[in-house]
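**Q** Whatever this is, show me its structure:
(one chain, ligands or ions: 1)
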Amino acid sequence: MKIIAVGMNYATHNKEMHHSLELSEPTIFMKSDSSLLKDGKPFFIPDFSSEIHYETEIVIKINRLGKNIAERFAYRYYDEVTVGIDFTARDLQNRLRKDGLPWELSKAFDHSAVTGTFVPLEEIGKMTNLPFCLTINGNKVQEGNTSQMIFSVDRIIAYVSRFFTLKIGDLIYTGTPAGVGPVKIGDHLQGFIGERKLLDFYVR
Ligand code: MG
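**A** Modelled structure (predicted):
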């Protein structure tokens, strides 16, 4: 399986990161199957970064094989969602960016893609209007709604499937709203879609 992620997909987050890009196409990067962390397992802060940031994102799971998918049919390619964390070694990413280098080391390291429990989309709402949030140690630190995405999930699927064949089980991280920040050892992260808690793990 592969993990496809969208960067800079919420205007509020782009503002906090001081990106003033007018994007005509989604910004895409990938994580690896070894990036995955699930089932509430703890996240261990890696030794190559002193600034690991959480980015809370809606994650969808691809449920059929597809290539060159038309946007109007894209909804047929997913039926489960969850909330996840796109962990980012921000200090490393800033260095790579400054030198015009790819982001992978800062984005695709082991356990950088945390997923919550997947639930059927029909149980939880409409893809274009899912409220989600993250709490750390009980305090809400980040919230957003998929209605605020610059590029919708269906548009992202249409776009990425021009380049990559989508396969059953592939994941798409759909971007983070404003409110990203650092984690430290001992933090307790809980992620919600609406009132439903789907993500619950500790940083060690
Ligand atoms: Mg992200």
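
**Q** I figured residue 202 hits residue 190, correct?
**A** No: if you go by Cβ atoms under 8 Å, residue 202 and residue 190 don't touch, sitting 10.1 Å apart. To be clear about C-beta, it is placed using only N, CA and C from the backbone, and glycine gets the same treatment.

**Q** center of this structure - which residue?
**A** Central residue of the chain (Cα atoms, centre = their mean): residue 173, 3.3 Å from the mean position.

**Q** got the contact list for that residue?
**A** Contact partners of residue 173, counting by Cβ atoms under 8 Å, 6 or more residues apart in numbering, are 3, 4, 5, 6, 31, 57, 59, 84, 86, 113.

**Q** And the last one, how far from residue 12?
**A** Think residue 113. 22 Å (Cβ to Cβ, to the nearest Å).

**Q** which residues pair with residue 86 across the strands?
**A** residue 113 (DSSP bridges).

**Q** picking that back up, name the residue in residue 113 and residue 12 with the higher neighbour count.
**A** Using other Cβ atoms under 10 Å, the more surrounded residue of residue 113 and residue 12 is residue 113, with 26 against 13.

**Q** hey, C-alpha coordinates of the helix or strand of the chain with the lowest mean pLDDT in CSV?
**A** Ranking every helix and strand in the chain by mean pLDDT, DSSP states H and E puts helix 11-16 at the bottom, with a mean of 81. Extracted in CSV, the C-alpha atoms of helix 11-16 (Å, rounded to 0.1, in the frame of the first residue of the first chain):
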residue,chain,number,x,y,z
ALA,A,11,-5.9,28.5,3.6
THR,A,12,-5.7,29.1,7.4
HIS,A,13,-2.8,26.7,7.7
ASN,A,14,-1.0,28.2,4.7
LYS,A,15,-1.3,31.6,6.4
GLU,A,16,0.3,30.4,9.7
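
**Q** any bit of the helix or strand just after that helix sitting next to the ion?
**A** Sequence order places strand 27-31 as the next helix or strand after helix 11-16, per DSSP states H and E. No: judged by Cβ under 5 Å from the ion, strand 27-31 makes no contact with the ion; its nearest approach is 8.6 Å.

**Q** got any ranges where this structure has weak pLDDT?
**A** Residues of the chain that meet the criterion pLDDT under 70 lie in 20-21.

**Q** can you list the residues of it near the ion?
**A** 55, 86, 176.

**Q** ok, of the residues you listed, which come out buried?
**A** Listed as buried from the residues of the chain next to the ion are 55, 86, 176; burial here means 16 or more other Cβ atoms under 10 Å.

**Q** ok so, going back, neighbour count: residue 202 and residue 190, which is higher?
**A** For residue 202 and residue 190, the more surrounded residue by other Cβ under 10 Å is residue 190, and the numbers stand at 18 against 15.
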